[in-house]
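Student: with the input below, show me the fold.
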Amino acid sequence: MAARFEYKVEEIREGMVGGKMSGGKLEKVLNEHAREGWQLKAVTAVEVKGRIGPGGVEGVLVTFERPVS
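Tutor: Residues are numbered from 1 along each chain as shown. Below you'll find the predicted structure:
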């Protein structure tokens, strides 16, 4: 029987109006999800819609995977 997986995608940016993504913030998110059994699948750089004003801010989409029990 083929293994079954579930996926979770999280949008991460440094702040509401932009700013460079810190390695520390990304590391914290990765470790939080790892404790719940999620494994990093992919990190994709994107322009994320900002909460203040038009345009986007730099961010990442982080995709996690874990086996379905």
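Student: got a list of what the residue nearest to F5 when sequence neighbours are not counted touches?
Tutor: Once flanking residues are discounted, F5 sits nearest to E65: 5.2 Å by C-beta to C-beta, 6 or more residues apart in numbering. All C-beta atoms are positioned from the backbone trio N, CA, C, and that covers glycine. For E65, the contact set (C-beta atoms under 8 Å, 6 or more residues apart in numbering) comprises F5, E6, Y7, W38, Q39, K41.
Student: settle this for me: the fifth one is touching P67, isn't it.
Tutor: No - assessed by C-beta atoms under 8 Å, Q39 is found out of contact with P67, at 9.0 Å.
Student: which one of these two has more residues nearby?
Tutor: Neighbours per residue (other C-beta atoms under 10 Å) separate Q39 from P67, with Q39 holding more: 13 against 10.
Student: quick check: beta-bridge partners of the closest residue to the more buried one other than its chain neighbours?
Tutor: Once flanking residues are discounted, Q39 sits nearest to E65: 5.4 Å by C-beta to C-beta, 6+ apart. With DSSP bridges as the criterion, E65 is bridged to Y7, Q39.
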